[in-house]
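I need the structure of the sequence given here:
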Amino acid sequence: MIMLVPENNHNTAVIDIGSNSVRLVIYRIEGRSIWPLFNEKILAGLGRDLRQTECLHPQGKKDTLIALRRFKAILESYTLSKVHVVATAALRDAADGPEFAHEIERVTGFKVRTLTGREEAHYAGQGVRCGQLEAEGFVGDLGGSSLELINLDPQSTFKGLTLPLGPFALGAPKPMDVEKTYGLIRTQLDPLRSQFRAKTFHAVGGAWRNLALIWMMKVNYPLQIIQQFELSARDALTIARLVAIQSPTSLEKFPGVSKRRMENISYAALVLQGLIECFEIETICFSANGLREGLLFDDLPDTYKNLDPLIEGCANFGARHGISENLGPALAAWATEFYDSVDVDRPSEKLIKAAAKLADIGARLHPDHRADLVCDQVLRAPIPGQNHAERVFLACALYTRYSGDAYTKEPVLVSRILGDERHLQATQLGLTLRLGCDLSAKSAKLLKMAHIRQDDKTLIVSAKAGWDDLLLGEQTRKRARALANALKLSLRTESY
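Prediction:
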């Protein structure tokens, strides 16, 4: 029996029965943050022959039931607030879809909710907003049998649609006639030009994520993280056209993509090419979130939905490492007050707040390795709401916070993603946080007793009268001198 217990911070699960894959993901919900705890899928191919037979694939049905029985046993070992069991285009369109949904309930006890195309589009859009609240443009979620499209413009009256443009609907796993298939794709997309013209397209779905990974590997891109990875339309067209014309044998040479995915990826590439060329897209932003995260985001209280996913993610990530909830906001306010006095380019308020909330995550790590371990955690943690440049910025800032040095261990991250100017900003912020943490012994109360500011060519570190001997000791002066040097300022300490 699956135990369901409602609570503020809780575990929940989604079973997603798609045309190609059947997947279970168990999540931890902490306020606005949604963390995957367990993720398992099988490529059952339920929609494999749907276009020819109008029925679900027989072996796919058997494989799905086996997987769902396993998923039930797994879920019975967790305490959960809710279990979503949803099905998409294959069960929606197949003549035997309702019958199979009843069989699933009889065999496993799972009551399947078969989503409409509009619901599927809505949840895909919500999944993108869950990870990137300020996202603009439109979303495309490519599954095995269908493509869902939805605008992210809150003023749009158009609520999304579904099109038969998934690989199985276009003929997969048979070899593709590129010219004929592209004509079918454009026939579906061309009438929608006025509804979906936008500079940014958010790509959702496993086949498109694999396209992004292939591009990363071909150009030796230094950060293989899908969430908010961006490609120009030119680069996306290059990889899409390359993959679309490859034979299955040639595709198998690409590392990191399963053989079953390769059956569909040429079709997915051609659909992406059609979207770019039809809607005159300029940037493709790949999302690791989709329908499953959208279901959970939709369930959150409205007060949570408009919170910044990066700030909330950093706060919850920090709390998991034992950081005081008061330290981050105090450090952010302290650093912001300093930046208001300094004649340098400053980081965004969001990045200052995010870095401050992560400023003590290395407290329980070995002191000889803190800087490297913290940097790697921040660089690769599943914290949403940040593009790749922001991710590298925070990793560099936190490395400096613990080491006192600029991050130079992977210079390609800086040269290809961040840039020298922002690298300098990250170093200066890291030194500011290092000074604040050591000056106050990571106490928000003590931090209020000291301030830093620039006065002409001097960095002034001041402490409240009576506290100067306690706060302006040898370690504080050492940390302050490092920050002053990075800003090319002299240093003075005083009481007030």
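
What segments of the stretch 301-450 of the chain are strands?
Using DSSP state E, counting those that start in this stretch, the strands assigned to the stretch 301-450 of the chain run over residues 450-455.

One more: the stretch 51-200 of the chain?
With DSSP E, counting those that start in this stretch, the ranges of strands along the stretch 51-200 of the chain come out as 79-80, 83-87, 113-114, 138-142, 147-151, 161-163, 200-204.

and R118, how far is that from P191?
Distance of R118 to P191, computed by Cβ to Cβ, to the nearest Å: 17 Å. To be clear about C-beta, it is placed using only N, CA and C from the backbone, and glycine gets the same treatment.

again with I150
Relative to P191, I150 is positioned 16 Å away (Cβ to Cβ).

More neighbours: these two, which one.
The neighbour count for I150 versus P191, taken as other Cβ atoms under 10 Å, is higher for I150 (26 against 10).

List the residues that contact the residue lying closest to the more buried one once chain neighbours are set aside.
Of all residues not flanking I150 in the chain, G160 sits nearest, at 3.5 Å (Cβ to Cβ, 6 or more residues apart in numbering). G160 makes contact with 117-118, 120-122, 125, 148-151 under the criterion Cβ atoms under 8 Å, 6 or more residues apart in numbering.

Over to N326?
A444.

tell me the mean pLDDT over stretch 114-133?
Stretch 114-133 shows a mean pLDDT of 96.

circling back: which of the contacts of G160 lies closest to Q228?
G125 (15.6 Å; Cβ to Cβ).

any chance of the strands of the stretch 51-200 of the chain in TSV, plus distance to H423?
Formatted as TSV, these follow (distance: least, Cβ to Cβ, whole Å):
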stretch	distance to H423
strand 79-80	43
strand 83-87	42
strand 113-114	48
strand 138-142	32
strand 147-151	36
strand 161-163	43
strand 200-204	26
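
and the residue lying closest to A315 once chain neighbours are set aside, how many residues sit next to it?
Leaving aside its sequence neighbours, A315 sits nearest to K357 (Cβ to Cβ, 6+ apart; 5.0 Å). Neighbourhood size, K357 [other Cβ under 10 Å]: 26.

List the buried residues in the one helix or strand I214 maps to.
Following DSSP states H and E, the helix or strand that holds I214 is helix 206-218. Within helix 206-218, the residues that count as buried by 16 or more other Cβ atoms under 10 Å are 206-216.

do stretch 69-89 as well
Within stretch 69-89, judged by 16+ other Cβ under 10 Å, the buried ones are 71-72, 75, 80-89.

what does stretch 307-322 give?
Under the neighbour-count criterion of 16+ other Cβ under 10 Å, stretch 307-322 has 307-319 buried.

Could you list which residues are in contact with the residue nearest to A315?
Contacts of K357 by Cβ under 8 Å, 6+ apart are 311, 314-315, 317-318, 323, 328-329, 332.

let's see it at 10 Å
Applying Cβ atoms under 10 Å, 6 or more residues apart in numbering, we find K357 in contact with 310-319, 323, 325, 327-329, 331-332.

and what of T408?
Residues near T408 by Cβ under 10 Å, 6+ apart: 396, 399, 414, 423.

From these, list the buried ones, please.
396, 399, 414, 423.

gap between the nearest residue to the last one once chain neighbours are set aside and A395?
Distance criterion Cβ to Cβ, 6+ apart; nearest residue to H423, sequence neighbours excluded, is V414 at 4.8 Å. Counting by Cβ to Cβ, the separation of V414 from A395 is 10 Å.

go on, K159?
When distance is defined by Cβ to Cβ, K159 is 38 Å away from A395.

just D405 next, same as before
D405 is 14 Å from A395, by Cβ to Cβ.

the more surrounded of the two?
Comparing D405 with A395 by other Cβ under 10 Å, the one with more neighbours is A395, at 26 against 14.

show me the contacts for the more buried one.
By Cβ under 10 Å, 6+ apart, A395 lies in contact with 223, 355, 358, 374-381, 407, 410, 413, 418, 426.

Would you write a ChimeraX line that selects the buried entries of those residues?
Filtering the contacts of A395 down to the buried ones (16+ other Cβ under 10 Å) takes a single ChimeraX command:
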select :223,355,358,374,375,376,377,378,379,381,407,410,413,418,426
